[in-house]
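Asks: any chance you could fold what I've pasted below:
(chains A, B, C and D, ligands or ions: 4)
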Amino acid sequence: MTEKSWMYSVLEAVQHEMREDPALTWIFELTPPVASNPNMPVINLETEFGRKRVVNTGIDENWMASAVLGAGLAGSRAATYIPYQGALMPLEVIQNVAGKLRHMTGGKAAMPVVWVIEMTGQTPGFAGQHSCYEEDSFYMHIPGVRTVIPSTPYDAKGMMHAALRSPDPVVYLYPAGLRTLTEEVPDEPYEVPLDKAAVRIEGSDLTIVSSGGGMPGVLEAAEVLKGEGMGVEVIDLRVLKEMDTETLVTSVAKTKRLLTVDQSYYTLAPGAEVVARCAENVEGARFKRVAFPDAPPPASPEMFLWMRPNAEGIAGAARALVG
Amino acid sequence: MTEKSWMYSVLEAVQHEMREDPALTWIFELTPPVASNPNMPVINLETEFGRKRVVNTGIDENWMASAVLGAGLAGSRAATYIPYQGALMPLEVIQNVAGKLRHMTGGKAAMPVVWVIEMTGQTPGFAGQHSCYEEDSFYMHIPGVRTVIPSTPYDAKGMMHAALRSPDPVVYLYPAGLRTLTEEVPDEPYEVPLDKAAVRIEGSDLTIVSSGGGMPGVLEAAEVLKGEGMGVEVIDLRVLKEMDTETLVTSVAKTKRLLTVDQSYYTLAPGAEVVARCAENVEGARFKRVAFPDAPPPASPEMFLWMRPNAEGIAGAARALVG
Amino acid sequence: MTDHQGNLVTCPEDEGQAPQSEGRRGFLKLAALTGAAASLSTRRALANGDIGYHAMDLPDDKLVDMYRTILRIRWHERTQADQMLANPDYRGYNHFYAGQEAVATGVCAALRNDGPFEQIDLVYSSHRPSGHAIAKGVDIPTMVAEMDFRATGMNGGYAAEMHISDPSVGFIGADGMIGPAPVIASGSAFAFRARGSDQVAVVFAGDGNYAAPHFHSTLNNAKLLDLPLIYVCENNLYHQYAHYSYSCPHKDIADAAAAYGIPSRTVDGQDVTQVYNVAKEAVDRARAGGGPSFIEAKTYRYYNHWGAPGAKEGELGAFGYDPLAITSFRPEREVRAWMQRDPVDIARNILVDWGILEEQKALDIEAEVKAEIAAAFEWALSQPLCTPEDGLKHVFAEGTVPARQFG
Amino acid sequence: MTDHQGNLVTCPEDEGQAPQSEGRRGFLKLAALTGAAASLSTRRALANGDIGYHAMDLPDDKLVDMYRTILRIRWHERTQADQMLANPDYRGYNHFYAGQEAVATGVCAALRNDGPFEQIDLVYSSHRPSGHAIAKGVDIPTMVAEMDFRATGMNGGYAAEMHISDPSVGFIGADGMIGPAPVIASGSAFAFRARGSDQVAVVFAGDGNYAAPHFHSTLNNAKLLDLPLIYVCENNLYHQYAHYSYSCPHKDIADAAAAYGIPSRTVDGQDVTQVYNVAKEAVDRARAGGGPSFIEAKTYRYYNHWGAPGAKEGELGAFGYDPLAITSFRPEREVRAWMQRDPVDIARNILVDWGILEEQKALDIEAEVKAEIAAAFEWALSQPLCTPEDGLKHVFAEGTVPARQFG
Ligand SMILES: Cc1ncc(C[n+]2csc(CCOP(=O)(O)OP(=O)(O)O)c2C)c(N)n1
Ligand SMILES: Cc1ncc(C[n+]2csc(CCOP(=O)(O)OP(=O)(O)O)c2C)c(N)n1
Ligand SMILES: [Mg+2]
Ligand SMILES: [Mg+2]
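Replies: Ligands and ions are numbered 1, 2, ... in the order given. Below you'll find the model as predicted:
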């Protein structure tokens, strides 16, 4: 066990799987797959595995997303790191081909493919075309692709192992704002399942559900609320498709109060689905959603930081719901 | 007033607006903008307005979607008819540019642009890559673009007038399954507003909310339920962005029971947002959703017709919710 | 070379044109059968002394197989068309390939189609797939069953015509969209190269696909990474109701590929031996690590863009000329002129002329194929329909998804 | 012409190369300043007897304006860099344009920049926009304010550097994505043609944009529809940390455009008069209905891919060479060699040599510009910060959207 950064944890998993499987490939765009960590060897996939397997492409996310799919269909496991979803090019092929192919072929197509997709724009200063947090909703809506969004380095590594080993295509969302997180992460390979939410804190007064970049703010708010004596239960979705309904409904059946927190647009953010599932299955509960307003994130930190859900706003909404 | 088909009603509006504004352009792909209707003159935009304004392009929906945006930014109103969303190319530019530009420029960018986007694949036999009903959720989630989905020829014409005159970019979804509908439609221009849901039937026992291709089945089910004595209120969303929350909440506050019906994937279908908004605002209500399962639509009519929500399934869900 | 109408223009100096055979076959091609394979590239994959007329080295049975494949494609469609016109219970639709059979046949004859999945070549069809599928060797009865949405169809009734696939013979299949397939195919070629395999990926795409932005991604990356990808552009002059000059500024689409530095050739798509020649050269180059090739086959479809059950002759969706009031429709004379150069006739005449088949034997083979296809339809149309609940399967490798349509 | 390293290769026979001026200006260019504008196209927009050296016809004040514009871009950046290094309160970032100033300046000097919106030419910047913006004539103080997120900034603090725009001077602006801008720009050109206007749309895009699939859509449709679009490819040899040979098989990216039949030229991007010459020709052609042009300017950026507040010299995000362990980094000698051909020096030397400016006057202008920029920063950095609630405005033409962040 060593204290590791997010990216180091992820590349450790990729390196391990690439050593196990000489056909596994990795496609990147301009920024090489290199990570370092204090007291650990530098990981450089390009130099270790060579440029036939680890390929630097031009700025063509459409090709990157499609190429790994074609590799998977040819029987090679393949992964790509797409640094900007901004242009949304990958969605086309993931939504309309990858997500449908196994079903459409009557089970004949195999796609052991992983797309690592950066979510940017929920840290100040980006704005406009450089803000793409709506990916979680887009990928959550489509069938046939497992969409995950780890929020800790530990989960990031374990879910990367599971993703690379999965026979299903996996969209692996990476909220770039979590880049700076570090924690103790085992050096050995291990899997975190691709279909389970995590109960981060247990409590009986209120369920707060969030994911990815929303988690740090939720955990901070939960500390404050616990200090005030509120029994907060915090759930990290971790998996958007297939969403772990059971964990959610069980919790809300207990607390009878659900607060969802999303860093992307209110309308049809993942929280809408969480509320809808719980509202269908739990009677007499109360619901509230905290989310980014239905407006593009502006550049100005003053505007942006006021609009992005934070611990204070979350705590306030929790008090309003429970009180 | 004449009984008119869907497409004739729409092209009547476009023809009128093109006559009024010599800069207004229309871009199509291979299938020309021609419509006929018994006892009415044939409308052929290409021959009437010439190939400088009415342009046949290659199979490049990315260009079509982007070109009208560029036209709008240059001060010309512009519209395009995108026959297949399948490849999802238009979403890139609509989500990441059109939807953000007014806000991002601090109000400086004007985009009087309309994208008519066909939704195909919710009639039997299509399947796979030719099924694209998830557009409603994708466009509903993003800010800055008004997304509408008329379900009758009357609304189709009136909303086309409103869309072409709007200073905001408008995604105008067209469920291809409604192609065969006809009704009395005025010959004169008129507007149907871009921000109002329509209460199609009033009642006090249950609210059913649907939109677009879901409406015929809902109306059929409502007839059956009314015959059984149930006071069904039916709401046609018509507008997905900005959703008319007030009409929804007012209705559910009255009926205390909400059933949503979507022809696309259950997870994060528009119904999720409808349920979530009502659950936040109405206490003690009961909720249920009917939707296409989270699976790609299969080709076989036996599988497909069983999976697509129909009047019988809707009526059954309504009885379960009210009973 | 061709002019913008796609008519073949004789240019006797073209280095790739079919030379007089030095081999054992008496060579006397009719003027009407002459095809030009014009090399647009400086890079050749010919060995020393190799004149590029690879068909001369094919054994008789392989040549007869090509003829049989062409017939299978043709008779599959004619039988299906009869079903559409006459059988009220028939439900399958099709994007007919009649007129283009020599393209799929000539290309697939140059590929490795048997063996374990890790060794065979892969074909992506993109669109208008039934001809490609048959040429690659799919089981015809189960394909027919798939097209009529049967539970025992090639894809269990999930796919239907626009999306048929069978990886077991290397037919990755169609997606029916115009754009994505070539890019995905290049990804398979990328995987071959990364794992050191000599497999080749082939994609068939129409003239319509040229305008898609994916065209650029495909060729650019194939060239940059030297991928074993063969892009077969079937230029049948039209996409739906528009002539390709509406969407492409090139007369030869191959010129667009040549600009990337990719060896690119145009070929007479009606003559299976010519198609085979250029395909063989491209496959040899790809297997040897020489990177991608682009083949533009000049060809023509006889029927409407698509055909559907309940068709009535002379109407859209049937098998006549496109009757809509349209931007740029196909002149009847153009259709008739192309039908003069029918791929079935050309293949048969060559085999007879080369002394491989007697005329009567050729006709016997056609009768055999007809019977084989008739049996395929008989089997297929007696297969069970799908079970509704199966729609919830195969979303992921394991399990089913919940039904949601009943609330 | 250039080799793949982007070094200019002298080819005295090139028809587009700067000829000896017959005009009033004494012409004696230093060898170091020689640039080649190599025509790759057969189609020219030259009137009878026109040798294409349009800069010779420019009045003195216009020439001096170009020099001043280059200086403004340069000093805007140097002043901003100082802020980043020294002012802990400064918040703006930038993708620096230093080294490339002559490209934006020469192109925009050939455009119509004043007048009502329906008459001026439009510029799309795609990426690295501050140079394009200044050359097109935006108000510099409000641009500086925008880059520091001020309420009175050019876009009210919503945009920041990557997305600045000001339609009032025809600067439609940047979107910062690599791909979409050229296609959207072609839509503006489409609208001009449809409404019978003689306006021109210009897009600036880097060598990185070549690989984007949109490249194909843009050029193909511009050619097919004869759109008044000028695509200015600023080939500064790198995208982020990769040399352009990683993503482009062409040495001259202009070759890719020429393949579509679009008049395409490469030009020395360090010499503003050369850039002006080719831009003038392209603009004249577009206004006359002659369709699109492609200009590849060979140029170089001096600094890192981007710079940010709190920068420390020699570190990434500051202004030295890219220090990462990277696939293909920029050799220090390459950077230094390019700095020998600085666009500021070249412009100044030409004007002095032509007798338009005394050396001292040229230095005085530089001092004026410095003062003007210093004043712009002083004004901008005293402007009010944004009001948080304004984030809910401008989503649609009217009204605000509800806050949702408090539940
Ligand atoms: C992205 C996309 N846009 C539109 C269509 C509709 N469509 C199906 S086939 C076709 C024409 C294709 O023409 P071409 O590529 O020349 O092939 P051909 O039909 O001639 O074999 C079109 C436009 C589609 N399938 N995909
Ligand atoms: C679609 C997309 N992918 C990736 C990026 C990240 N990105 C920003 S600038 C850049 C490099 C652009 O290089 P080039 O076009 O040569 O312009 P230069 O920076 O050299 O001016 C990249 C990859 C982006 N902005 N958009
Ligand atoms: Mg075609
Ligand atoms: Mg560059």
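
Asks: count of neighbours near C:P388?
Replies: C:P388 is flanked by 17 other residues according to other Cβ atoms under 10 Å in any protein chain shown. Bear in mind the C-beta positions are built from the backbone N, C-alpha and C, glycine included.

Asks: correct me if wrong: it contacts B:E302.
Replies: Yes - with contact defined as Cβ atoms under 8 Å, C:P388 reaches B:E302; the gap is 5.3 Å.

Asks: now do the same contact list for the residue of the stretch 201-323 of chain A found nearest chain D.
Replies: Here the stretch 201-323 of chain A gets closest to chain D at one residue, A:A317, 2.7 Å apart by Cβ to the nearest Cβ. Neighbouring residues of A:A317 by Cβ atoms under 8 Å, 6 or more residues apart in numbering or on different chains: A:L259, A:K288, A:V290, D:F406, D:G407.

Asks: so where do the helices sit in chain C?
Replies: Counting by DSSP state H, chain C has helices at residues C:60-86, C:101-108, C:130-136, C:140-147, C:180-194, C:214-224, C:254-258, C:272-287, C:332-339, C:343-353, C:359-380.

Asks: and those helices, which one's lowest on average pLDDT?
Replies: Mean pLDDT across the helices of chain C is lowest at helix C:332-339; the value there is a mean of 86.

Asks: how is chain A divided into domains?
Replies: Segmentation of chain A into domains, based on automatic domain parsing, reads A:2-185, A:198-322.

Asks: which of those has the lowest average pLDDT?
Replies: domain A:2-185 (a mean of 93).

Asks: show the end-to-end separation of it, please.
Replies: For domain A:2-185, the first-to-last residue distance is 6 Å (Cα to Cα, to the nearest Å).

Asks: again, but for stretch C:200-216
Replies: 20 Å.

Asks: just give me the neighbour total for the nearest residue to A:Q85 once chain neighbours are set aside.
Replies: Excluding the flanking residues, the one nearest A:Q85 by Cβ to Cβ, 6 or more residues apart in numbering or on different chains is A:C132, at 4.5 Å. Neighbourhood size, A:C132 [other Cβ under 10 Å]: 24.

Asks: what do you get for C:T142?
Replies: Neighbour number of C:T142 under other Cβ under 10 Å is 21.

Asks: ok, now C:F329?
Replies: 16.

Asks: thinking again about what came up before, take the helices of chain C and lay them out in JSON lines including distance to A:G213.
Replies: Shown next, in JSON lines, are the helices of chain C (distance: least, Cβ to Cβ, whole Å):
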{"stretch": "helix C:60-86", "distance to A:G213": "53"}
{"stretch": "helix C:101-108", "distance to A:G213": "49"}
{"stretch": "helix C:130-136", "distance to A:G213": "45"}
{"stretch": "helix C:140-147", "distance to A:G213": "44"}
{"stretch": "helix C:180-194", "distance to A:G213": "30"}
{"stretch": "helix C:214-224", "distance to A:G213": "30"}
{"stretch": "helix C:254-258", "distance to A:G213": "43"}
{"stretch": "helix C:272-287", "distance to A:G213": "44"}
{"stretch": "helix C:332-339", "distance to A:G213": "59"}
{"stretch": "helix C:343-353", "distance to A:G213": "58"}
{"stretch": "helix C:359-380", "distance to A:G213": "52"}
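
Asks: closest one to ligand 3 among those?
Replies: For these, the distance to ligand 3 is smallest for helix C:101-108, at 11.6 Å, taking Cβ to the ion.

Asks: in that closest one, what counts as buried?
Replies: C:E101, C:A102, C:V103, C:A104, C:T105, C:G106, C:V107, C:C108 (16 or more other Cβ atoms under 10 Å in any protein chain shown).

Asks: which of the residues you listed lies closest to D:S168?
Replies: Distance to D:S168 across these (Cβ to Cβ) is lowest for C:V103, with 55.2 Å.

Asks: touching, that closest one and C:T299? I think so.
Replies: Yes - using Cβ under 8 Å, C:V103 makes contact with C:T299 at a distance of 5.6 Å.

Asks: residues near the closest residue in space to C:P88 that isn't next to it in sequence, how many?
Replies: Closest residue in space to C:P88, ignoring its immediate chain neighbours: C:G310 at 7.5 Å, by Cβ to Cβ, 6+ apart. If you count neighbours by other Cβ under 10 Å, C:G310 ends up with 14.

Asks: quick one: contacts for the residue in the stretch 101-250 of chain A positioned nearest to ligand 1?
Replies: Closest approach between the stretch 101-250 of chain A and ligand 1, counting by Cβ to the nearest ligand atom: A:M104, at 14.8 Å. For A:M104, the contact set (Cβ under 8 Å, 6+ apart) comprises B:A127, B:G128, B:Q129, B:P296, B:P298, B:A299, C:N155, C:Y158, C:A159, C:H163.

Asks: mind putting the residues you listed in JSON lines, neighbour count and distance to C:T400 included?
Replies: Output for the contacts of A:M104, formatted as JSON lines (neighbours: other Cβ atoms under 10 Å in any protein chain shown; distance: Cβ to Cβ, whole Å):
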{"residue": "B:A127", "neighbour count": "28", "distance to C:T400": "18"}
{"residue": "B:G128", "neighbour count": "30", "distance to C:T400": "18"}
{"residue": "B:Q129", "neighbour count": "25", "distance to C:T400": "22"}
{"residue": "B:P296", "neighbour count": "28", "distance to C:T400": "13"}
{"residue": "B:P298", "neighbour count": "34", "distance to C:T400": "13"}
{"residue": "B:A299", "neighbour count": "33", "distance to C:T400": "18"}
{"residue": "C:N155", "neighbour count": "29", "distance to C:T400": "17"}
{"residue": "C:Y158", "neighbour count": "34", "distance to C:T400": "14"}
{"residue": "C:A159", "neighbour count": "33", "distance to C:T400": "18"}
{"residue": "C:H163", "neighbour count": "26", "distance to C:T400": "21"}
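
Asks: span of stretch C:52-61 from start to end?
Replies: Counting by Cα to Cα: the opening and closing residues of stretch C:52-61 are 21 Å apart.

Asks: report the distance from stretch A:272-289 to the chain centre.
Replies: When distances are taken as Cα atoms, centre = their mean, to the nearest Å, stretch A:272-289 is centred 22 Å away from the chain's centroid.

Asks: ugh, wrong one, I meant stretch C:218-236
Replies: With Cα atoms, centre = their mean, you get 16 Å for stretch C:218-236.

Asks: end-to-end on it?
Replies: Note: stretch C:218-236 ends 21 Å apart using Cα to Cα.

Asks: and stretch A:78-86, by the same measure?
Replies: Start-to-end, stretch A:78-86 (Cα to Cα) is 22 Å.

Asks: wondering if that stretch reaches ligand 2 at all.
Replies: Yes - under the criterion of Cβ under 6 Å from any ligand atom, stretch A:78-86 makes contact with ligand 2 via A:Y84, A:G86.

Asks: buried set for that stretch?
Replies: Here stretch A:78-86 shows A:A78, A:A79, A:T80, A:Y81, A:I82, A:P83, A:Y84, A:Q85, A:G86 as buried, counting by 16+ other Cβ under 10 Å.

Asks: A:L91 is in contact with the fifth one, correct?
Replies: The reference is to A:I82. No - A:I82 is beyond contact range of A:L91, at 10.4 Å (criterion: Cβ under 8 Å).

Asks: from the contacts of A:M104, which are also near chain A?
Replies: B:A127, B:G128, B:Q129, B:P296, B:P298, B:A299, C:N155, C:Y158, C:A159, C:H163 (Cβ under 8 Å from any Cβ of the partner chain).
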